[in-house]
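1. return atomic coordinates for the entry below.
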Amino acid sequence: MQDQPSAAGVREVPPAEAQDMRDQGVVLIHVLTQYPTVMTIPDLVREITAGSADFGEGDAMERAVRDLTGLGLLRCPGGMVVPSHAALRVYDLLEG
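-> Have a look, this model is predicted:
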């Protein structure tokens, strides 16, 4: 009776969540490729957004930093953004 195969276990990602994931990817890759250079969150946002005055863009990047920090992929000691050891290791594995 069923013409289409079931997509059990596959969920549709809402557009806002998909955009958040893209933003996190942009931030993480930027931080990893710049390492060992570290920067403040405002400097990171300015670099990624090319100095855009658009509040929404900057806010999205700051949210990405916060989310990645919560996931343990970034650390922000003293306001400086640095990749975690786990993030660096995964990056090395993917690059190698």
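2. strands of the chain, start to end?
-> Secondary structure of the chain by DSSP state E: the strands cover 39-40, 74-75, 80-83.
3. what number of residues lie near Pro36?
-> By other Cβ atoms under 10 Å, the residues close to Pro36 number 7. The C-beta positions use only the backbone N, C-alpha and C, and glycine is treated the same way.
4. how much space separates it from Pro42?
-> Per Cβ to Cβ, to the nearest Å, Pro36 is found 20 Å from Pro42.
5. and what of Leu68?
-> 16 Å.
6. looking at these two, which is more packed in?
-> Just comparing Leu68 and Pro42: by other Cβ under 10 Å the higher neighbour count belongs to Leu68, 23 against 12.
7. what residues are up against Val26?
-> Ile48, Met61, Ala64 (Cβ atoms under 8 Å, 6 or more residues apart in numbering).
8. would you confirm that the first one contacts Leu28?
-> No - no contact is recorded between Ile48 and Leu28 when judged using Cβ atoms under 8 Å, the distance being 11.0 Å.
9. excluding its backbone neighbours, what's nearest Asp67?
-> Gln24 (5.8 Å; Cβ to Cβ, 6 or more residues apart in numbering).
10. the residue nearest the centre of the chain and Gly70, how far apart?
-> Centroid-nearest residue in the chain, with Cα atoms, centre = their mean: Gln24, separated by 1.8 Å. Using Cβ to Cβ, we find Gln24 at a distance of 11 Å from Gly70.
11. helices along this structure, start to end?
-> Using DSSP state H, the helices of the chain run over 15-34, 41-48, 55-70, 85-95.
12. would you turn these into JSON lines with distance to Pro77 and mean pLDDT?
-> Output for the helices of the chain, formatted as JSON lines (distance: least, Cβ to Cβ, whole Å; pLDDT from 0 to 100):
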{"stretch": "helix 15-34", "distance to Pro77": "14", "mean pLDDT": "95"}
{"stretch": "helix 41-48", "distance to Pro77": "12", "mean pLDDT": "95"}
{"stretch": "helix 55-70", "distance to Pro77": "11", "mean pLDDT": "94"}
{"stretch": "helix 85-95", "distance to Pro77": "13", "mean pLDDT": "96"}
